[in-house]
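Undergrad: predicted coordinates and the sequence they were generated for:
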Amino acid sequence: MTGSDTTAYSTARTVEDFTRNLQAVNTRIGAALQRAGREPGEVRLLPVSKTVDEDRLRVAAAAGCTMFGENKVQEAMRKWRNLSDLDVEWSVIGHLQTNKAKDVAEFAAEFQALDNPRAAAALDRRLQALGRQLDVYVQVNTSGEESKYGLAPDDVIPFLKTLPAYTALRVRGLMTIAVFSTDPERVRPCFRLLRSLRDQARDLDLIGPGELSMGMSGDYELAIAEGSTCVRVGQAIFGARPTPDSQYWPGN
Ligand SMILES: *Cc1c(COP(=O)(O)O)cnc(C)c1O
């Protein structure tokens, strides 16, 4: 399945449902790694739990999830509060408004959508005040679509050069959302572009371990073939989302 065809994703409700879905995704990750001649364990699976209610997140945690990716800061923070008895961490993977930097600094274990200088400065300031550091990924708009957040490819290296000044931000790598298409030959160039930017940044020693967060339910195997080290998978684990993604990516 590729792109936005989500009809096959049934809703996971029980521990058995989640265990089965996680196993299926992990098996496909393993097979994709093997086909690419890569080592097992080179890809981290980040379950994306946006729109999923807290009761079902408890079940997912019981099935072994230890980190959840959330797109909206307010929703993530509510879940973080209400599930504080669980041993789970929170990754913010959606656009950050500067006035929410304080919240992210407080509860997030990771922020994958850094894409502008104001957000970097605001996050760093809030983290310094709390005496914390935060793992961050720089989001790149690799599809050229107006509707997508992320830095233009040409702006990535200059932006990365400004980040060492923010000592509370630990730069881990790059993140992208590929074009939504059922045609792998339209999706692949997005992943290739992210990887080539990562390689350039690595040559300049700007990008820490140089992680590549790319690949979602519809395209994670392709992303792994192109070098992904973190796939963000929602619907293939939790089931189809009732809400259209236009709520998450303006203009879609
Ligand atoms: C929703 C979302 C995902 C997961 O998409 P699925 O189709 O549910 O796998 C991945 N990354 C980001 C940034 C998202 O907002």
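TA: Yep, it's here.
Undergrad: drop to CA atoms for contacts and neighbour counts, all remaining ones
TA: Will do.
Undergrad: buried residues, the strand or helix carrying Arg56. List them.
TA: Per DSSP states H and E: Arg56 is located in helix 54-62. By neighbour count, with 16 or more other C-alpha atoms under 10 Å as the criterion, the buried positions of helix 54-62 are Arg56, Leu57, Arg58, Val59, Ala60, Ala61, Ala62.
Undergrad: which ones are touching Phe238?
TA: Tyr9, Ser10, Thr11, Ala12, Phe18, Asn21, Ser49, Val52 (C-alpha atoms under 8 Å, 6 or more residues apart in numbering).
Undergrad: just the buried ones among these, please.
TA: Burial of the contacts of Phe238 was assessed by neighbour count (16+ other C-alpha under 10 Å); the buried members are Tyr9, Ser10, Ala12, Phe18, Asn21, Ser49, Val52.
Undergrad: would you format the residues you listed as TSV with secondary structure included?
TA: Supplementary listing: those in TSV, determined by DSSP: H, G, I helix; E, B strand; the rest coil:
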residue	secondary structure
Tyr9	coil
Ser10	coil
Ala12	coil
Phe18	helix
Asn21	helix
Ser49	coil
Val52	coil
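Undergrad: which among those gets closest to Glu226?
TA: Proximity of the buried ones among the contacts of Phe238 to Glu226, judged by C-alpha to C-alpha, is greatest for Asn21, which lies at 23.3 Å.
Undergrad: about what we covered before: with distance to the ligand and pLDDT added, can I get the buried residues of helix 54-62 in CSV?
TA: Below are these laid out as CSV (distance: C-alpha to the nearest ligand atom, whole Å; pLDDT from 0 to 100):
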residue, distance to the ligand, pLDDT
Arg56, 15, 98
Leu57, 14, 98
Arg58, 18, 98
Val59, 18, 98
Ala60, 15, 98
Ala61, 17, 98
Ala62, 20, 98
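Undergrad: now do the helix holding Arg56: distance to the chain's middle.
TA: On the basis of C-alpha atoms, centre = their mean, to the nearest Å, helix 54-62 is displaced by 19 Å from the centre of the chain it belongs to.
Undergrad: neighbours around Arg202, how many?
TA: Burial measure for Arg202: 15 neighbouring residues, criterion other C-alpha atoms under 10 Å.
Undergrad: repeat that for Leu204.
TA: Considering only other C-alpha under 10 Å, Leu204 is surrounded by 12 other residues.
Undergrad: helix or strand right after the helix or strand hosting Ala32?
TA: Following DSSP H and E, one finds Ala32 within helix 15-35. As assigned by DSSP H and E, the chain's next helix or strand after helix 15-35 is strand 44-47.
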